[in-house]
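Participant: Mind folding the following:
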Amino acid sequence: MHNVREEIERLREKLRRVERRTALGSGSAGRNGTEPPSPAAPAPACNLPPWESHSDESTFERSIGPAPGMQGCALMHSDRGKIENCLQGSLIETPFGTHFEVETLYPCDASHGQFAVRELEKSPDDLLGTLSPGHAESSVSSWVFLDTETTGLAGGAGSFAFLIGLGRVTDAGFLVHQFFLREPSEERSVLYRVAEKLGCCSTVVTYNGKAYDLPLLETRYRLARAAVPFETMPHIDLLHACRRLWKLRFESCKLTHLEERVLGHERVGDVPGFLIPSLYANFLRFGDAGSLSPVFLHNALDILSLACLTNVVGGVFRDPASMAARHGAECVGLGRWLKQAGRPEDALPLLRRAIQTNIPEELLARTLWDIFEIERKSGRHEVARDAVEQLIGFPNALHGRALKALSILYEYSFKDFSRSLQYARRLERLQPDEETGRRLERLIRKRGKAQHAGIFED
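Facilitator: Next comes the predicted model:
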């Protein structure tokens with residue numbers, strides 16, 4: 001909490017410095033008797049946003065100052081309140097009113113960290129089927145990547161999305177289309193346009209959208225008495241796939257964290273997510289649109305990272321053998337998913353690769369158990385025994401289960417009642433219970449009958 005308060009105070013101080021600079025600029029213009037120059041003509045819609053050209057630590061501070069092309073201008077408060085003067089976009093009119101839209105194109109020759117944007121266009125038609133079994137094949141150009149910026153996380157009828165971003169793969173690159181509410185009354189107009197754009201899409205992809213973005217938008221459409229455009233559309237929530245793959249390796253599976261650790265893109269001057277609702281509230285209250293520039297960038301980068309991670313994660317699950325895993329925990333995460341998805345033979349090489357790496361002992365124990373289960377169900381009892389015998393070689397939480405599994409293997413698969421009895425007795429010393437007692441009695445009888453029949457055991 002202390003760090004959060006320091007961050008808020010730091011950003012407040014930056015806002016105060018920007019306001020002082022703007023006030024000084026206005027005074028200077030008045031003394032000279034000249035009017036501030038007119039804003040520069042907007043560039044074509046499909047360009048990288050001007051704030052993305054900044055690369056040092058003052059990015060966020062500069063982005064809340066005068067709009068691009070207006071440096072040194074003395075903007076009146078009314079001009080600063082117009083989002084169209086601060087961002088390169090356009091006003092769109094619909095049957096339900098007018099709102100503001102911005103388009104940003106990340107061209108094919110651009111890179112997002114270590115990921116080349118041109119790789120998105122190469123996504124195979126069955127990529128999403130690996131993330132959601134049963135998903136029909138469809139072209140990547142028909143997928144839409146969705147993210148919202150909202151007035152708060154509390155939910156309910158009082159929360160709404162003031163910025164909705166949609167990303168699409170095009171021939172020219174990755175296009176992010178953002179729909180903005182200059183005031184809450186424009187929501188119906190924005191929802192109408194978003195529904196139009198979603199009408200030609202086959203699948204919506206989000207990050208934690210199953211729990212947040214789509215339920216919130218569905219509520220807003222129903223309150224507006226409009227049809228929900230994604231109600232019957234297949235939905236892929238990439239958060240679940242990322243957690244399966246990386247939760248054992250990384251301390252966090254937040255989108256921005258994976259963007260840095262997996263894609264290699266580190267944001268500079270990014271606005272903290274928890275401040276975004278406050279920035280929009282200040283825009284509504286004071287009419288300063290300049291502070292929203294970093295919010296548009298934050299949303300656009302979230303959507304671009306979502307698309308890139310979908311390509312990476314989908315490719316890994318589609319062809320596990322091609323995975324260039326740098327960490328044993330990644331192999332374990334992928335192997336477990338494949339095991340649960342009914343692909344144990346694909347999972348096995350990854351799990352075996354993982355136990356050769358330096359992973360924590362508890363993770364090693366769980367991985368050995370997964371290998372044992374796959375081998376046992378495949379009828380390879382000797383290999384299964386080897387895996388579970390490794391499991392009892394060091395302290396771990398699965399020690400009891402391993403002893404029981406070995407006793408069962410030797411009793412039923414190898415008919416070695418003496419070895420089975422040895423493991424059962426070790427199990428009884430570790431965790432005595434009624435079931436283990438009955439097992440001991442049964443094994444003693446079986447061993448006696450085997451000896452009486454002339455079957456000699458060591």
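Participant: Surely residue 437 is in contact with residue 427?
Facilitator: No. Between residue 437 and residue 427 there is no contact under Cβ atoms under 8 Å: 10.5 Å. Quick note: C-beta positions are derived from backbone N, CA and C, even for glycine.
Participant: Neighbour count for the two, which is higher?
Facilitator: residue 427 (24 against 12; other Cβ atoms under 10 Å).
Participant: What sits closest to that one if chain neighbours are left out?
Facilitator: Once flanking residues are discounted, residue 427 sits nearest to residue 403: 4.2 Å by Cβ to Cβ, 6 or more residues apart in numbering.
Participant: I'd guessed that neighbour sits against residue 429; true?
Facilitator: No. Contact criterion Cβ under 8 Å: residue 403 and residue 429 do not qualify, at 9.5 Å.
Participant: neighbour count winner among those two?
Facilitator: Using other Cβ under 10 Å, the more surrounded residue of residue 403 and residue 429 is residue 403, with 24 against 9.
Participant: which SSE is the more buried one in?
Facilitator: Residue 403 belongs to helix 399-408 when assigned by DSSP states H and E.
Participant: how is the chain carved up into domains?
Facilitator: Domains of the chain are assigned by automatic domain parsing as 43-318, 321-452.
Participant: who's in contact with residue 136?
Facilitator: Under the criterion of Cβ atoms under 8 Å, 6 or more residues apart in numbering, the neighbours of residue 136 are 129, 202, 234.
Participant: averaging pLDDT over each of the domains of the chain, which comes out lowest?
Facilitator: When those are compared on mean pLDDT, domain 43-318 scores lowest, with a mean of 86.
Participant: what's residue 396 in contact with, if anything?
Facilitator: Counted by Cβ under 8 Å, 6+ apart, residue 396 has contacts 361-362, 364-365.
Participant: Can you tell me the SS state at it?
Facilitator: Three-state assignment for residue 396 (DSSP: H, G, I helix; E, B strand; the rest coil): coil.
Participant: Distance-wise, check it relative to residue 389.
Facilitator: The gap separating residue 396 from residue 389 is 13 Å, by Cβ to Cβ, to the nearest Å.
Participant: same check, this time on residue 150
Facilitator: 54 Å.
Participant: Comparing the two, which residue is more hemmed in?
Facilitator: Comparing residue 150 with residue 389 by neighbour count (other Cβ under 10 Å), the higher total belongs to residue 150, at 21 against 16.
Participant: quick one: the more buried one and residue 159 touch, right?
Facilitator: Yes. Using Cβ under 8 Å, residue 150 makes contact with residue 159 at a distance of 5.7 Å.
Participant: which residues are common contacts for those two?
Facilitator: Common neighbours of residue 150 and residue 159 (Cβ under 8 Å, 6+ apart) are residue 216.
Participant: would you turn the contacts of residue 136 into CSV with distance to residue 420, secondary structure and neighbour count?
Facilitator: CSV is the format used below for those (distance: Cβ to Cβ, whole Å; DSSP: H, G, I helix; E, B strand; the rest coil; neighbours: other Cβ atoms under 10 Å):
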residue, distance to residue 420, secondary structure, neighbour count
129, 44, helix, 18
202, 56, coil, 17
234, 50, coil, 17
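Participant: Closest to residue 303 out of those?
Facilitator: Nearest to residue 303 among the contacts of residue 136, counting by Cβ to Cβ, is residue 202 at 17.4 Å.
Participant: Would you work out how far apart the start and end of stretch 134-150 are?
Facilitator: When the termini of stretch 134-150 are compared using Cα to Cα, to the nearest Å, they are 32 Å apart.
Participant: Go ahead and measure how far that stretch is from the middle of the chain.
Facilitator: 14 Å (Cα atoms, centre = their mean, to the nearest Å).
Participant: And for stretch 400-412?
Facilitator: Stretch 400-412 sits 40 Å away from the centroid of its parent chain (Cα atoms, centre = their mean).
Participant: If you count neighbours, what's buried in that stretch?
Facilitator: When burial is assessed from 16 or more other Cβ atoms under 10 Å, stretch 400-412 yields the following buried residues: 400-407, 409-411.
Participant: which among those gets closest to residue 384?
Facilitator: Nearest member of the buried residues of stretch 400-412 to residue 384, counting by Cβ to Cβ, is residue 409, at 6.9 Å.
Participant: In this structure the closest one contacts residue 383, no?
Facilitator: No. The criterion here is Cβ under 8 Å, and residue 409 misses it with residue 383 at 11.2 Å.
Participant: if we can go back for a sec, list the helices and strands the helix holding residue 403 packs on?
Facilitator: With contacts taken as 3 or more Cβ pairs under 8 Å, 6 or more residues apart in numbering; DSSP states H and E, helix 399-408 sits against helix 361-377, helix 381-391, helix 417-430, helix 434-452.
Participant: isn't residue 349 right up against residue 321?
Facilitator: Yes. Using Cβ under 8 Å, residue 349 and residue 321 qualify as a contacting pair, with a distance of 7.2 Å.
Participant: between those two, who's got more neighbours?
Facilitator: Neighbour count, other Cβ under 10 Å: between residue 349 and residue 321, residue 349 has more, with 15 against 7.
Participant: about what we covered before: is it possible to get a markdown table of the buried residues of stretch 400-412 that adds distance to residue 283?
Facilitator: A markdown table is the format used below for the buried residues of stretch 400-412 (distance: Cβ to Cβ, whole Å):
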| residue | distance to residue 283 |
| --- | --- |
| 400 | 60 |
| 401 | 58 |
| 402 | 60 |
| 403 | 64 |
| 404 | 63 |
| 405 | 62 |
| 406 | 66 |
| 407 | 68 |
| 409 | 67 |
| 410 | 72 |
| 411 | 72 |
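Participant: Pick the one among those residues closest to residue 275.
Facilitator: The closest of the buried residues of stretch 400-412 to residue 275 turns out to be residue 401 (Cβ to Cβ; 47.9 Å).
Participant: Which residue, neighbours along the chain excluded, lies closest to that closest one?
Facilitator: For residue 401, ignoring the flanking residues on the chain, the nearest one in space by Cβ to Cβ, 6+ apart is residue 369 at 7.2 Å.
Participant: quick one: the one you found from residue 249, how far?
Facilitator: Residue 369 sits 19 Å away from residue 249, going by Cβ to Cβ.
Participant: same thing with residue 432?
Facilitator: Between residue 432 and residue 249 the distance is 38 Å, computed by Cβ to Cβ.
Participant: Which of those two has more residues huddled nearby?
Facilitator: The neighbour comparison of residue 432 against residue 249 (other Cβ under 10 Å) goes to residue 249, with 19 against 11.
Participant: excluding its backbone neighbours, what's nearest residue 410?
Facilitator: Per Cβ to Cβ, 6+ apart, closest to residue 410 is residue 420, 3.8 Å.
Participant: In this structure the one you found contacts residue 413, no?
Facilitator: No. Contact criterion Cβ under 8 Å: residue 420 and residue 413 do not qualify, at 9.8 Å.
Participant: what about the two, which has more around it?
Facilitator: A count of neighbours by other Cβ under 10 Å puts residue 420 above the other of residue 420 and residue 413, at 25 against 15.
Participant: Surely residue 162 forms part of a helix?
Facilitator: No. Counting by three-state DSSP, residue 162 is located in no helix; its state is strand.
Participant: how about it, what does it touch?
Facilitator: Residues near residue 162 by Cβ under 8 Å, 6+ apart: 149-151, 180-181, 184, 280.
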